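*Asks:* Okay, structure incoming, though there's no sequence with it:
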Ligand SMILES: O=C(CO)[C@@H](O)[C@H](O)COP(=O)(O)O
C-alpha cells in the first residue's frame, strides 16, 4: 500500500488488519520515521519509504538500511497523468549504488515512452503505472 497521506501512523494497524503486506509512507508526512518503521514491522508488514520530488535522497539515506523499498516519486503527489520528471533519475542511480539490494520503486508518469529511462539508470526494479495502464493498455514492466 502506498499511503500518500498525512499522519501515516494512524493507518498502520488498520492496513495490517486489512491484509496489507507492505506499508509505504512518505518521509515528509512524519516527524518520527524510525518509530513508524518499527510500528510497521511489528505489525507484520514490509516497509516502503517514499520521497516527493523536492526531498533529497540524502534525507532518505539514514533509513535505507531499515526499509524494504524506497519509492522515488517522479511526479508531485496529487493526481495521475502528470509528466514524468526525468531529473529524479539521479536519485535512483544514487540509491542503487549505495544500497544494492534495496528495492526501488518509481511512481508517476511511467509509461511506454518513459519506462526505459527508469531501466537506463540501472535497476529501479519496480514501477507504478496509472494512466498508461488505464488509458493506454500498457502493461510491460509494470507491477
Ligand atoms: O498517485 C500518484 C500521483 O499522485 C501516482 O501513483 C500516479 O497516480 C501514477 O499515475 P500516472 O502518473 O502513471 O498516471
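*Replies:* Good, I have the coordinates. Being a predicted model, the structure only gives us computed values, none of them experimental.
*Asks:* As a check, name the ranges of all strands in this structure.
*Replies:* All strands of the chain, identified by DSSP state E, fall at 2-3, 22-26, 46-51, 69-73, 103-107, 126-128.
*Asks:* Where does pLDDT dip in this structure?
*Replies:* For the chain, the stretches flagged by pLDDT under 70 are 122-143.
*Asks:* make it 90
*Replies:* Counting by pLDDT under 90, the low-confidence segments of the chain come to 111-143.
*Asks:* With distance to the ligand added, can I get the strands of the chain in JSON lines?
*Replies:* All C-beta atoms are positioned from the backbone trio N, CA, C, and that covers glycine. Below are the strands of the chain laid out as JSON lines (distance: least, C-beta to the nearest ligand atom, whole Å):
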{"stretch": "strand 2-3", "distance to the ligand": "7"}
{"stretch": "strand 22-26", "distance to the ligand": "11"}
{"stretch": "strand 46-51", "distance to the ligand": "10"}
{"stretch": "strand 69-73", "distance to the ligand": "7"}
{"stretch": "strand 103-107", "distance to the ligand": "5"}
{"stretch": "strand 126-128", "distance to the ligand": "5"}
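*Asks:* Would you mind finding the most buried of these?
*Replies:* strand 69-73 (a mean of 25; mean count of other C-beta atoms under 10 Å).
*Asks:* what does that strand contact?
*Replies:* For strand 69-73, contacts defined as C-beta atoms under 8 Å, 6 or more residues apart in numbering pick out 2, 22, 24, 46-53, 57, 60, 64, 88, 91-92, 95, 99, 102-108, 124, 126.
*Asks:* now stretch 16-28
*Replies:* Outside stretch 16-28, the residues touching it (C-beta under 8 Å, 6+ apart) are 1-5, 8, 11-12, 15, 33, 36, 40, 43-52, 55, 59-60, 63, 68-69, 71, 77, 105.
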